[in-house]
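1. Sequence and predicted structure below; questions after.
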Amino acid sequence: KLNLAGTEKAISIFEEVIAEQPKFPLSYLGINQGYAFLGTMGLLPAPESFAKAKPFLDKALALNKDLPESQLNLSWIACWQKWDLESAYHHINKAIELRPSDELFLTMSNLLTIEGKLDAAQNYIDKALQLDPFSAMNHHYKGFLFYLQEEYEKAVPYLEKSFG
């Protein structure tokens, strides 16, 4: 769950995986993402959370910097911690080149939304929904984009689907 307790539980599970498989970079990325989320959402003090996250990102990058998930984490950090959209776009584009996924297209849609490029953001969330038409997060974001565009009647079915 995307809350403090759920994220702390996920971090502990990733720590267990690392104890058994120390060369599996996705576990390090999961912990990095967890701490980054906690700091970004204000569930823990941001400087403390980001400081806890960094060694896990560094380890993941040392193991394999060319994973799409590595580039995704770098994109999130560039955007949400450094407010460097140029770097965020660089990393998300590299991730998409490596292996497109709905999560990557959702992130690209989010970056475009930040800049107010809502039509382009709709294109990317549509790509995400094509890859995973069952994702509650993708449906929620599609509804959110319609909401931002003041197309409320179009937003409602997507938002309702995200809750179901």
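-> That came in fine, so what should we check first?
2. for the longest helix anywhere in the chain, which positions count as buried?
-> Determined from DSSP state H, the single longest helix within the chain is helix 46-64. By neighbour count on 16 or more other CB atoms under 10 Å, the buried set for helix 46-64 is 46, 49-50, 52-53, 56-57, 59-61, 63. Where C-beta positions appear, they are placed from N, C-alpha and C, glycine not excepted.
3. now stretch 74-92
-> Buried, per 16+ other CB under 10 Å, within stretch 74-92: 74-81, 88-89, 91-92.
4. quick one on the thing from earlier: would you list the buried residues of helix 46-64 in a markdown table and tack on pLDDT and distance to A120?
-> Listed next are the buried residues of helix 46-64 as a markdown table, based on pLDDT from 0 to 100; distance: CB to CB, whole Å:
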| residue | pLDDT | distance to A120 |
| --- | --- | --- |
| A46 | 94 | 29 |
| S49 | 95 | 31 |
| F50 | 94 | 29 |
| K52 | 96 | 34 |
| A53 | 96 | 29 |
| F56 | 97 | 32 |
| L57 | 97 | 28 |
| K59 | 98 | 34 |
| A60 | 97 | 30 |
| L61 | 97 | 29 |
| L63 | 97 | 33 |
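5. Closest to M108 out of the buried residues of stretch 74-92?
-> Of all the buried residues of stretch 74-92, M108 sits closest to I92, with 5.3 Å by CB to CB.
6. My guess is that closest one contacts S109. True?
-> No - at 10.1 Å, I92 and S109 do not qualify as touching, with contact defined as CB atoms under 8 Å.
7. Can you tell me the element the spatially most central residue of the chain falls in?
-> Centroid-nearest residue in the chain: T107, 5.9 Å away (criterion: CA atoms, centre = their mean). If you go by DSSP states H and E, T107 is part of helix 102-114.
8. Using PDB, write out the CA atom coordinates for that helix.
-> The C-alpha coordinates for helix 102-114 follow below in PDB (Å, rounded to 0.1, in the frame of the first residue of the first chain):
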ATOM      1  CA  ASP A 102       3.200   0.800 -18.700                       C
ATOM      2  CA  GLU A 103       5.100   2.200 -15.700                       C
ATOM      3  CA  LEU A 104       7.500   4.100 -18.000                       C
ATOM      4  CA  PHE A 105       4.700   5.500 -20.100                       C
ATOM      5  CA  LEU A 106       2.800   6.500 -17.000                       C
ATOM      6  CA  THR A 107       6.000   8.300 -15.700                       C
ATOM      7  CA  MET A 108       6.400  10.100 -19.100                       C
ATOM      8  CA  SER A 109       2.700  11.100 -18.900                       C
ATOM      9  CA  ASN A 110       3.400  12.500 -15.400                       C
ATOM     10  CA  LEU A 111       6.400  14.500 -16.600                       C
ATOM     11  CA  LEU A 112       4.400  16.000 -19.500                       C
ATOM     12  CA  THR A 113       1.600  16.900 -17.000                       C
ATOM     13  CA  ILE A 114       4.000  18.800 -14.900                       C
END
